[in-house]
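Q: Sequence plus the predicted model coming up.
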Amino acid sequence: MKTFLCKSILLLYCCCCQTFAQKVIYASEYGVKPNTQQDMALPIRKALDACQKMHAQKLILPQGRIDIWSNDAEKRTLYLSNSTENDTLSKIKSIAFLLENYQNFSIEGQNTLIVLHGKMVSFALLNSRNIQIKNLRFDYERPTMSELTLLKVTPTEVDVEVHPDSKYKIDQGRITFLGEGWEAKSLHTILFRPQSNEMHYSSMKPLQQAKVIAIAPNQLHFEGDFSKVNFQQNDILTFRDPYRDNCGAFIHLSKNILLENISMHYMHGLGILSQFSENLTLRHIFVKPQANSHRIIAAFADCFHFSGCKGLVKIENCETSGAHDDPINVHGTHLQITKILAPQKLVIRFMHHQTYGFKAFFEKDSIAFINPATLLPIGFGKIKSAKLINPREMEVELFQNVPSTVQIGQSLENLTWTPSVIIQNCRFERTNTRGILMTTPRKVVIQNNVFKGTGMYPILIADDAASWYESGAVKDVLIQNNVFENCGYNTQSGAIAILPENHETNPIQKVHRNIRIINNTFKISQPGVLQAKSVDKLIFSNNTIIPFSPIKEFSILLTSCKNISIENNKSTVKEKIENKE
C-alpha cells in the first residue's frame, strides 16, 4: 500500500512538473537563433503558435540580435487611427510579433534586439487580455528616416556626410533615397541644430534640385542655389516620406496591457498606437536611437498615441528623444452626422483622411451630441446598436430619440471610451512639435516630468470637430511638479496651451474646466508661459518662472475664461496678464 501511494504521489508530482513546464516556451526550441542575421520571421510565428495551442503563459526569447524580414511575417489588414491614408492602396501590414486572441500571456525578451527589415509593425495585440511584454529592444536595419550632416555651406555649394544607415542612389546628378522595399517620394524635413539642441522645420528641395556628385564614401557635394535656406555647418537634416502607412506597434480591442523596459530605437509610422483598448501601462519605455548609432530620430511621427481608449492609461519613467511629431497624444474621435434615418437612427462619418475603417462606437456606449462651432454638448444618448456600413461610415441606433436640437453636420462623441491618464517621472526632448496632447474628460495627472526643447507647446489641451476631429473636453487636469525648459521656440511661446478649436464662445458655458497648474518650473526663452481659451476654473499658482534669455516679463494670455486664480508665482521678471472676452 505504501509503495502504491508513493508511486502515485511521484506520478502526480511528475505530471504537475510537466504541466508547469509546458506553460513556459523557449523560442529557441522552435528554431529562433540569435546573431545569425537570418530571417527569423517563420520561427517566431511557430513559437507563438505553439504558445497559443499549448496555453503557455510565457515565451522567452534568446539573448542577442534577432532579424525579421517583412516577407514571411504575419499579415493583417489594419485600419489605424491617424495613420490610414485615404487611398486605394492595401492596408495589409506586416507584423513581427502578432498576439491575436491571447490571454494571460507574457513575452520575456531578455534584452534581445529585434532588427526589422522593411516596413513593419514591431508587435500587435489584437483582441487580447492580460498581456505583458518586457525587456525587448526594436530597431530597423534601414530606418525609413534618412539623415545627413552638413559639412560645408556656401550660397552655391553644400557638402554633406550621409549617415551610413541612409541608403541612396545618384542618377544623372540627382539623389534618391532608398530603403528595403521602398523609395522616398516627397521628403518632409526637420533640421536638428546640435549647438542649441533645437529642431526646426526645413526643406530638402534645394538639395533635391541641385546637382550632386560623390566625393568620398557617404560624402556628397551639391551645387545649386542655397542662398535662401537657413543651413549652417554641422546642422543635421532628418527627412522622410510623410505618407503614413504603418505604426511602430499596435494595441487594438485589448485589455490590461503592460509594456515594460522596452526600447524602440526606431518606429516607422505612428509610434505605439493604442486604439479602443482598456487599462494600459507603459513603464520604462525608451523611444530614442541606440547610443552607438549616431542617429538623431527614433520616431517617424508620435511616440505614444491613444485613440478611443478607456480605463487607466499610465505612462511612467519613460523617455523620448528624437521624434518627428508629438511624444504623447490622447484623444477620442468626433464623427460627423451625415443622415438622420429615423427618430433613433443615424449615419455618422469619419471626417479626417487618416482616421477611418474601425468601429468607433459599440453597444451600450454613452454618447454626446456636439456642436462643432462651440464644441459644447447639445444632447446625450446611449447606443443600442452600431455597425460599420463602409470604411468611412457607421450606422448607429439609439435607445432614445435623437434630440430635436441635433442636425446634420453636427458631431457624435463617444463618452464611454475615454481614459483616465497618469503621466509621471518621464522625460521628453528633441522634438519639433509639442510634448503632450491631452483631450479626455476623465481625471488627468501630469507630474514630475521634464520637457526639454519641445519646439511647440510642451502641453496642449485642444479639442476640435473641424480639423483633426480629436475629442473631447477636459474636466479634471492636474499639472504639477514638472520642469519646462526652452520650449516653444518654433511658436514664439513656451506656454502650456489650452486652446480648443471652437469658433463661437459662450459667456457662461466653457469647453474645458477644472485645470490646476501648480508647483512647476518654467525655464523660458520666450515670454509666453500660459495660454488659455474657454476654460472655467483655472488655477496657475506656486510656479517658478526662470528666464534664461533677456526678456523683461512673462505673459499669461486668457481668452473667454472665468473663475481664474493666478497667485503666488515666483520670478525675477514681472508678470503680465492679458484677459480677453
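A: Noted; the coordinates are in hand. Numbers count the residues shown, from 1 in each chain.

Q: In the stretch 51-200 of the chain, what residue spans correspond to strands?
A: 58-60, 65-69, 74-77, 92-100, 103-117, 121-126, 129-140, 146-153, 157-162, 168-171, 174-177, 188-193, 198-202 (DSSP state E, counting those that start in this stretch).

Q: partners of the first one, with directions?
A: For strand 58-60, the pairing partners within the sheet under DSSP bridges are strand 24-26 (parallel), strand 103-117 (parallel).

Q: Name the residues that touch that strand?
A: With contact meaning Cβ atoms under 8 Å, 6 or more residues apart in numbering, strand 58-60 is reached by 23-27, 47-48, 51, 105-108, 110. Placement of C-beta: from N, CA and C, glycine included.

Q: Then the last one?
A: The set of residues external to strand 198-202 that reach it, using Cβ under 8 Å, 6+ apart, is 189-193, 229-230, 237, 430-432, 453, 455, 486, 489-490.

Q: what do you get if the cut-off is 6 Å, keeping everything else the same?
A: 189-192, 432, 453, 455, 489 (Cβ atoms under 6 Å, 6 or more residues apart in numbering).

Q: go on, the third one?
A: Outside of strand 74-77, the residues within contact range by Cβ under 6 Å, 6+ apart are 91-92, 95, 98.

Q: To Asn425, which of the strands of the stretch 51-200 of the chain lies closest?
A: Closest approach to Asn425 among the strands of the stretch 51-200 of the chain is made by strand 129-140 (18.3 Å; Cβ to Cβ).

Q: From the contact counts, what lies against that closest one?
A: Judged by 3 or more Cβ pairs under 6 Å, 6 or more residues apart in numbering; DSSP states H and E, the packing partners of strand 129-140 are strand 103-117, strand 255-264.

Q: Now render these as TSV, adding distance to Cys309.
A: Shown next, in TSV, are the helices and strands packed on strand 129-140 (distance: least, Cβ to Cβ, whole Å):
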stretch	distance to Cys309
strand 103-117	19
strand 255-264	10
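
Q: any chance of those in CSV, with distance to Gln336, mean pLDDT and mean neighbour count too?
A: Formatted as CSV, the helices and strands packed on strand 129-140 follow (distance: least, Cβ to Cβ, whole Å; pLDDT from 0 to 100; neighbours: other Cβ atoms under 10 Å):
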stretch, distance to Gln336, mean pLDDT, mean neighbour count
strand 103-117, 37, 98, 20
strand 255-264, 29, 98, 20
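
Q: Which one of the contacts of strand 58-60 is nearest to Phe361?
A: Phe105 (28.9 Å).

Q: Excluding chain neighbours, what is closest to the closest one?
A: Ile131 (5.7 Å; Cβ to Cβ, 6 or more residues apart in numbering).

Q: Could you list everything the one you found pairs with in the sheet?
A: Phe105, Ile257.

Q: picking that back up, JSON lines for the strands of the stretch 51-200 of the chain, including distance to Thr521?
A: Shown next, in JSON lines, are those (distance: least, Cβ to Cβ, whole Å):
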{"stretch": "strand 58-60", "distance to Thr521": "43"}
{"stretch": "strand 65-69", "distance to Thr521": "41"}
{"stretch": "strand 74-77", "distance to Thr521": "45"}
{"stretch": "strand 92-100", "distance to Thr521": "40"}
{"stretch": "strand 103-117", "distance to Thr521": "34"}
{"stretch": "strand 121-126", "distance to Thr521": "35"}
{"stretch": "strand 129-140", "distance to Thr521": "33"}
{"stretch": "strand 146-153", "distance to Thr521": "32"}
{"stretch": "strand 157-162", "distance to Thr521": "38"}
{"stretch": "strand 168-171", "distance to Thr521": "44"}
{"stretch": "strand 174-177", "distance to Thr521": "41"}
{"stretch": "strand 188-193", "distance to Thr521": "24"}
{"stretch": "strand 198-202", "distance to Thr521": "20"}
